[in-house]
Structures are given as C-alpha cells and as structure tokens.
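Undergrad: Pasting the sequence and the predicted coordinates here, then a few questions.
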Amino acid sequence: METNYVFSDTETTGLHETDFIQIIQSASILTDTEFNILDTQNILSKPLPWVIPTPGAFVTHKQIGSLDSNRSHYQMMKEIYDTWQNWSFNKKTIFFTYNGHRFDEELYRRQFYWNLLPSFTTNTNGNGRSDIMFLMLLFSYLYPDAIDYEKNKYDVPMLSLGKILSRIGVDVADAHDALKDTEFTIELMKFVAKINKDLITDFLELSTKESYLNYLNTRKYFGFVDKMFGQIYTYPLTFLTLNPEDTNKAIFLDLSWPFEDVLDMDYAELISCIAKPNKESPFKVIPINKSRALLDASKFDFRFEISQTELAKRADIVSSNIDFKEKVMAACGDIIPRSYPEKKYVDEMVYGGFPSAGDALLCEQFHQTDTFEEKQKILLNFEDFRYRELAKRILYVHYPDQISQEDRKSIEDLIKTRWTVEEDKAWPSPEKAKIEFFKEMERDDLDKLQKEILEKLKPLFND
C-alpha cells in the first residue's frame, strides 16, 4: 500500500488550558516518503465567542486574518477533516507534528470532537502518528556533533523547533506561522534523512500500536532516552509485556540492574516499582499509542557501558523467565489505578467515551444536511448530552436568529460565564487576559501588524 506523510501545525488563541483554547490557524502539508510536497492546506477561522483569546499569543503569531475571517470554527474543522480523509483514502498515512502529542494533536482531537467529527483521525483506519520532537531527542543523543546545538545549563541540547533550525541554516524569521512551521519541520526531516535515513525508518515503526508492538517483539533490547527537568537519562531496556490493565502501556526492565536483585523483590516492592517507574525503579512504563525516544540498541549506538554481547545475554535471560513475566503481569492487576477529577464541562469531555452507533450516524447526517430545521431535528435525537450541547453551540454560530429563545439564552449565559467567572481556573482567566492586553498595548517595540491586532482585540477588553 502506498504511504503518505501529513505534516501539520496550529496557531491558537492561547498556550495553556488545552480544553478551552481554540485553533485559529491550521496548516497541513501532504508529502511522499521522500518529503516531496504533494498538496497543502492553510486555513483560518474566527475565534468562538465563548473562547478567551490571550493577547500575547496573537501578538506572537500575528494571525490577524482570523479576527476578520468569515469562516467559522466548525467550517474550518470540517475542511481539515475532509482534507485529511481525502489524503489518507486507501493509503497508509502517518501524521507528523513537532511536540504535537502534548499540544497540537490534543487540540485537533478536542476540536474535531467539539464539531461532531471523529476525534481520532490520526491513529485509526490504519493511520499512524509521530511526534518529531522525540526523533530529535534521539538524533541529538545518537549524533551529538551533527548540529551545533544551543544548550541549557546542564549542557543538554535545546530542542525547540526554532532553536534547532537556526543552527542548520534555516531562516526562521517567519516562525510562529502554522504553514511556515510545517515547512520548517519538513526541512528538518530532510536534514535528518541525509545523516541517517534508517533512524527515521525505525522511528516510524513506532507510529501505530500494531507496528510498535511488532517492533518490541522482534528486537531483544532497546535504548530509551528520557528528558526530565532539563536533564537527559538513557536506559538499556528489554520488553517484558503489555500492561494487561492498560494495553496502551508497555513494561520494560532496565538491563543495567542485576536481574537477581529484581527477582529477589517481594511482591509489594514489585508492585511499587512498576507503579512508580522512576530513576530508582528497574522498570520503565512507556506508552505505545504515542511517540517516545526508543530504538533498537543493537542497531543504534547508545554508548552504554554494558557491551552489546552482555546486553543480549541479559535480555535472553529475562525473556526466558516466563514465571517472572507472569508475576509482573499479576502485579499490574494489583496496582491501585490513579484517579482523576471528573470532567465538569462538555468542552473537556473528549475522552468521555465514543459515541454510540446511533449518535455516530447522527453526527454524519448533521454534516450532510444544509438547513437549520434538519440540523435541529438531529440535535434533539442525540442520546449523549455532549453531542446535543455541542450541536447547539454550532447552531448558535450559524443560525443565531433561528435557534430557540431558550437555546440562545443558554449560549449567551455560557459566553457571559466564560468572560466574567474565574471558574476553577479551567479556562483562560478573563481578568488576566485583560491585564495582559493593556501590558501589550504599552509596549514600544510592536510592529504595525501587532498594533493592528491589538486594536481589533480592544473591544473585547474594554469595559
């Protein structure tokens, strides 16, 4: 099957509160496996009335066009979804972002959900996803002299996209534009491919859960690079098992630990070490549904103090100890799962369960219909309250004069609450945004476009 790559990036109304900020620019570029550009999408949308814009974000990315856009957020997300579906039809497609599994990917998922679209486009139907920041974490460790990195106080390379690109001769004057940043990411991939294309090939084995698991089952031991609090840690690992309680998580043993010491652990200690796989634990728990800096250590030189021969020997000893693996699996079942606060707002309920078959069909019909009456009828038939509320918000934006008085008041109350209430610090603080706005207005280093942006934002922050 033919393989495509899709690179994407976003600019947003803010940087934090991922459940409540909005994509206002999305850029996507389709390439072949040699990174030749085949198609491009660059699209803007108007901020939603209940989203609090962070003035500093707009001053940075300068997306003034979004403030004047006639395209709604629903229309933008629908166009993104349709484009990605078209690009990935009958093709294996890998979706790339830079530091996106923490930010951009999460935004796309949430905002497809907000607009009644399938949230998990990038890792379903045979598609895969890959965060290039973790590739660069591996690259910077395996090839430390390939780039003259800017380094932090621990002498560790700084891996923000702009800092890397400026060191390989790429002009980043237009950074913080989604399209430019996407183009920059492709240039970075070309640079890595010239050094060692096999590094990319192996890393992309981790882009789907199926290929990731196959990679783990067909290699004896791995190098894992982890970055915590600005410092780099590397570990020689061997794969033990998937966590039977959460099959998105793989459990590894650190081969630098004496295996006899691990075998001597009592059951309670074993549970504790798996539950808290920190530096003091012989276990590492790594998700297989997202990117991490892990590769075959027999193929790539992680400069471990232990020889390749000894690592292979230790991995074989561990692999042959079926009783130990079963003990680890049993321990997983006895770990008290972490509890998370219940989500209070429909905006943040993207992981609140998949739609029923009936609701999924209604979502499709909602997008296919063209009239308020048809969409309103579909809204009333949703089983899940989340989809009724989200559909109501879409209709408020598109048919403000046709929705019921009750629904209009509901959305107007939502807007008023978001702009006046500091509720649990869930969404961006309207008071902080206002203070930030006036601080930005006082700056004497703003260019003409930044001043125009602030003038357009002024009505939102003037009492």
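TA: Nice, thanks for sending it over.

Undergrad: just for the protein, where's the confidence low?
TA: Low-confidence segments of the chain, defined by pLDDT under 70: 423-424, 463.

Undergrad: And the strands in it?
TA: In the chain, strands defined by DSSP state E lie at 3-12, 23-31, 37-44, 92-97, 128-131, 222-228, 231-243, 246-254, 283-287, 294-296, listed in chain order.

Undergrad: can you redo those as JSON lines with mean neighbour count and distance to residue 66?
TA: Glycine gets a C-beta too; all of them are placed from N, C-alpha and C. Listed next are those as JSON lines, based on neighbours: other Cβ atoms under 10 Å; distance: least, Cβ to Cβ, whole Å:
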{"stretch": "strand 3-12", "mean neighbour count": "23", "distance to residue 66": "8"}
{"stretch": "strand 23-31", "mean neighbour count": "23", "distance to residue 66": "4"}
{"stretch": "strand 37-44", "mean neighbour count": "16", "distance to residue 66": "5"}
{"stretch": "strand 92-97", "mean neighbour count": "24", "distance to residue 66": "20"}
{"stretch": "strand 128-131", "mean neighbour count": "25", "distance to residue 66": "25"}
{"stretch": "strand 222-228", "mean neighbour count": "19", "distance to residue 66": "33"}
{"stretch": "strand 231-243", "mean neighbour count": "19", "distance to residue 66": "38"}
{"stretch": "strand 246-254", "mean neighbour count": "18", "distance to residue 66": "35"}
{"stretch": "strand 283-287", "mean neighbour count": "19", "distance to residue 66": "33"}
{"stretch": "strand 294-296", "mean neighbour count": "23", "distance to residue 66": "38"}
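
Undergrad: Include distance to residue 331 when you put those strands into a markdown table, please.
TA: Formatted as a markdown table, the strands of the chain follow (distance: least, Cβ to Cβ, whole Å):
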| stretch | distance to residue 331 |
| --- | --- |
| strand 3-12 | 39 |
| strand 23-31 | 41 |
| strand 37-44 | 47 |
| strand 92-97 | 34 |
| strand 128-131 | 30 |
| strand 222-228 | 21 |
| strand 231-243 | 10 |
| strand 246-254 | 9 |
| strand 283-287 | 10 |
| strand 294-296 | 22 |
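
Undergrad: closest to residue 121 out of these?
TA: With Cβ to Cβ as the criterion, residue 121 lies closest to strand 92-97 of the strands of the chain, at 7.9 Å.

Undergrad: CA atoms only for that closest one - export them in CSV, please.
TA: Output of strand 92-97 as CSV, limited to C-alpha atoms (Å, rounded to 0.1, in the frame of the first residue of the first chain):
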residue,chain,number,x,y,z
LYS,A,92,-1.2,4.3,4.8
THR,A,93,-0.8,7.8,6.2
ILE,A,94,1.5,9.0,9.0
PHE,A,95,0.6,12.3,10.7
PHE,A,96,3.5,14.3,11.9
THR,A,97,3.7,17.1,14.4
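
Undergrad: that older thread, so for residue 75, which of the strands of the chain sits nearest?
TA: Of all those, strand 37-44 comes closest under Cβ to Cβ, at 9.0 Å.

Undergrad: The closest one pairs with which strands?
TA: As defined by DSSP bridges, the strand partners of strand 37-44 come to strand 23-31 (antiparallel).

Undergrad: Identify the single longest helix in this protein, thanks.
TA: Secondary structure of the chain per DSSP state H: the longest helix is helix 178-203.

Undergrad: Just the buried positions in it, please.
TA: By neighbour count with 16 or more other Cβ atoms under 10 Å, helix 178-203 contains the buried residues 178-186, 188-189, 191-193, 199-200, 202-203.

Undergrad: same deal with stretch 355-367?
TA: In terms of neighbour count (16+ other Cβ under 10 Å), stretch 355-367 has its buried residues at 355, 359, 362-363, 366.

Undergrad: what sits against the residue positioned nearest the centre of the chain?
TA: The geometric centre of the chain, computed from its C-alpha atoms, lies nearest to residue 101 (Cα atoms, centre = their mean), at 2.3 Å. By Cβ atoms under 8 Å, 6 or more residues apart in numbering, the contact set of residue 101 is 129, 131, 290-291.

Undergrad: distance between the ends of stretch 359-377?
TA: Terminal residues of stretch 359-377 are spaced 13 Å apart (Cα to Cα, to the nearest Å).

Undergrad: List of residues touching that stretch?
TA: 78, 116-117, 354-355, 378-379, 381-384, 387, 391, 394-395, 398-399, 402-403.

Undergrad: same check, this time on stretch 74-90
TA: 1-2, 4, 6, 23, 26, 28, 30, 39, 41, 43-45, 93, 95, 108, 111-112, 114-115, 117-118, 121-122, 125, 127, 367, 394, 397-398.

Undergrad: For it, buried residues please.
TA: Residues of stretch 74-90 classed as buried by neighbour count (16+ other Cβ under 10 Å): 74-78, 80-81, 83-84, 87-88.

Undergrad: Residue 300: which of these is nearest?
TA: When those are ranked by distance to residue 300 (Cβ to Cβ), residue 88 comes first, at 29.6 Å.

Undergrad: Buried residues, stretch 374-386. List them.
TA: Of the residues in stretch 374-386, 375-376, 378-379, 382, 384, 386 count as buried by neighbour count, 16+ other Cβ under 10 Å.

Undergrad: Could I get the full set of helices for the stretch 1-150 of the chain?
TA: Remark: helices assigned in the stretch 1-150 of the chain by DSSP state H, counting those that start in this stretch are 55-61, 64-68, 73-88, 104-114, 132-142.

Undergrad: so the third one versus strand 37-44, what angle?
TA: Using axes from the mean of the first three to the mean of the last three Cα atoms, to 10 degrees, the interaxial angle of helix 73-88 with respect to strand 37-44 works out to 170 degrees.

Undergrad: could you dump helix 73-88 to CSV, C-alpha only?
TA: Provided in CSV are the C-alpha atoms of helix 73-88 (Å, rounded to 0.1, in the frame of the first residue of the first chain):
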residue,chain,number,x,y,z
HIS,A,73,-14.6,27.2,13.6
TYR,A,74,-17.0,24.4,12.6
GLN,A,75,-16.3,25.1,8.9
MET,A,76,-12.6,25.1,9.4
MET,A,77,-12.5,21.8,11.4
LYS,A,78,-14.8,20.2,8.8
GLU,A,79,-12.5,21.3,6.0
ILE,A,80,-9.4,19.9,7.9
TYR,A,81,-11.2,16.6,8.5
ASP,A,82,-12.4,16.3,4.9
THR,A,83,-8.9,17.1,3.5
TRP,A,84,-7.2,14.6,5.8
GLN,A,85,-9.7,11.9,4.9
ASN,A,86,-9.1,12.6,1.2
TRP,A,87,-5.3,12.5,1.6
SER,A,88,-5.4,9.2,3.6
